[in-house]
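Return a 3D structure for these sequence lines:
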Amino acid sequence: PAPNDCESLASWLAPKLTEHFEWHTDRLVDVYAPAENWMAHSAGVLAMRLPGDGLLVCCRAELVRTVEWAGDPRQPTESAPEFSPRRSLALWRQEVHQASAPWQAHVLEALSLLRPLLDAILMARG
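From the prediction side, this is the model:
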């Protein structure tokens with residue numbers, strides 16, 4: 001995003017980081033509409049609060065992927081009181097847009113391990 005867009009995103013993120021030291025999503029546009037224009041660079045965001053008013057924001061580009069379903073999930077199931085399959089269990093593909101790769105647990109754990117080091121460096125720099 002452009003510098004003024006980064007400032008707007010930081011202002012939007014700041015309240016989310018008051019209770020937690022980090023916040024992340026792989027679908028930023030679902031919670032922050034202006035991100036619709038940034039899919040090439042920032043479909044997903046991982047943010048961490050730093051000492052003072054600092055923020056570390058990592059962005060991930062859109063990753064268009066195909067999800068395969070056993071039948072169209074939009075098609076209603078047979079009307080019966082019990083569970084029943086859709087009329088057709090033919091393979092149905094859906095392209096997912098406006099999302100980045102998910103933030104995996106090991107990345108989030110690494111961030112939590114990195115935070116005290118970043119805090120110490122920034123505090124030492126004053």
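
Remind me which helix or strand Ile121 belongs to.
Using DSSP states H and E, Ile121 falls within helix 105-125.

That helix: which residues count as buried?
Judged by neighbour count using 16 or more other Cβ atoms under 10 Å, the buried positions of helix 105-125 are 111, 115. Where you see a C-beta, it was placed from the backbone N, CA and C, and this is true even at glycine.

Likewise for stretch 35-55?
35, 38-39, 42-50, 55.

Closest to Leu63 out of those?
Distance to Leu63, by Cβ to Cβ, is smallest for Ala43 among the buried residues of stretch 35-55, at 7.2 Å.

contacting residues for that closest one?
For Ala43, the contacting residues are 26-29, 35, 60-63, 98-100, by Cβ atoms under 8 Å, 6 or more residues apart in numbering.

Using a markdown table, lay out those residues together with distance to Leu108 and secondary structure.
Below are these laid out as a markdown table (distance: Cβ to Cβ, whole Å; DSSP: H, G, I helix; E, B strand; the rest coil):
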| residue | distance to Leu108 | secondary structure |
| --- | --- | --- |
| Asp26 | 12 | coil |
| Arg27 | 16 | coil |
| Leu28 | 16 | helix |
| Val29 | 21 | helix |
| Ala35 | 20 | helix |
| Arg60 | 13 | strand |
| Ala61 | 19 | coil |
| Glu62 | 20 | coil |
| Leu63 | 18 | coil |
| Gln98 | 21 | coil |
| Ala99 | 17 | coil |
| Ser100 | 14 | coil |
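
List only buried entries from the residues you listed.
Buried among the contacts of Ala43 by 16+ other Cβ under 10 Å: 26-29, 35, 60, 62, 98-100.

ok, of those, which one's closest to Leu122?
Arg60 (23.9 Å).

close enough to count as contact, the closest one and Gln104?
No: taking contacts as Cβ atoms under 8 Å, Arg60 lies outside contact range of Gln104: 11.3 Å.
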